[in-house]
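In: Okay, here's the prediction I keep looking at, along with the sequence it came from:
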Amino acid sequence: QVQLVESGGGLVQAGGSLRLSCAASGRTFSSYAMGWFRQAPGKEREFVASINRSGGNTYYADSVKGRFTISRDNAKNTVHLQMNSLKPEDTAVYYCNREDRATRVAWGQGTQVTVSS
């Protein structure tokens, strides 16, 4: 069973940067497009960014476009999210999972990102 472990969150001032990582177990990591998602208090989980299987194509929510960069390392079964120019509205718990809702696995514990103004 695939397990996802997110890390790299923390408390940062507005304008700062963080780099999130997601480690996936199993041998099928490179077979799936991956995504980052986030959930702020009292809100639904929302899409942040995705990357295709090879890493050659990426897609971003309008709210993070130009500030966040998603990448992956298939040899290490990891996907990363570089977050720059952070804003207080980026405060949320961040999760990774397969992009395709139909193939998603159990959500991990996520990693908390808090941006102070």
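Out: Done, it's in.
In: CA atoms for contacts and neighbours, from now on please.
Out: Fine.
In: So what's the gap between stretch 2-13 and the chain middle?
Out: 8 Å (C-alpha atoms, centre = their mean, to the nearest Å).
In: In that stretch, which residues are buried?
Out: Residues of stretch 2-13 classed as buried: 4-9, 12 (neighbour count, 16 or more other C-alpha atoms under 10 Å).
In: Likewise for stretch 95-112?
Out: Those would be 95-99, 108, 110-112, for stretch 95-112 by 16+ other C-alpha under 10 Å.
In: Just the ones in helices from the buried residues of stretch 2-13, please.
Out: Within these, no residue falls in helices by DSSP state H.
In: export the residues you listed to CSV and tack on distance to residue 44?
Out: CSV is the format used below for the buried residues of stretch 2-13 (distance: C-alpha to C-alpha, whole Å):
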residue, distance to residue 44
4, 20
5, 21
6, 19
7, 21
8, 22
9, 19
12, 23
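In: the strands in this structure, which residues?
Out: 4-7, 10-13, 18-24, 34-39, 46-51, 58-60, 68-73, 78-83, 92-98, 111-116 (DSSP state E).
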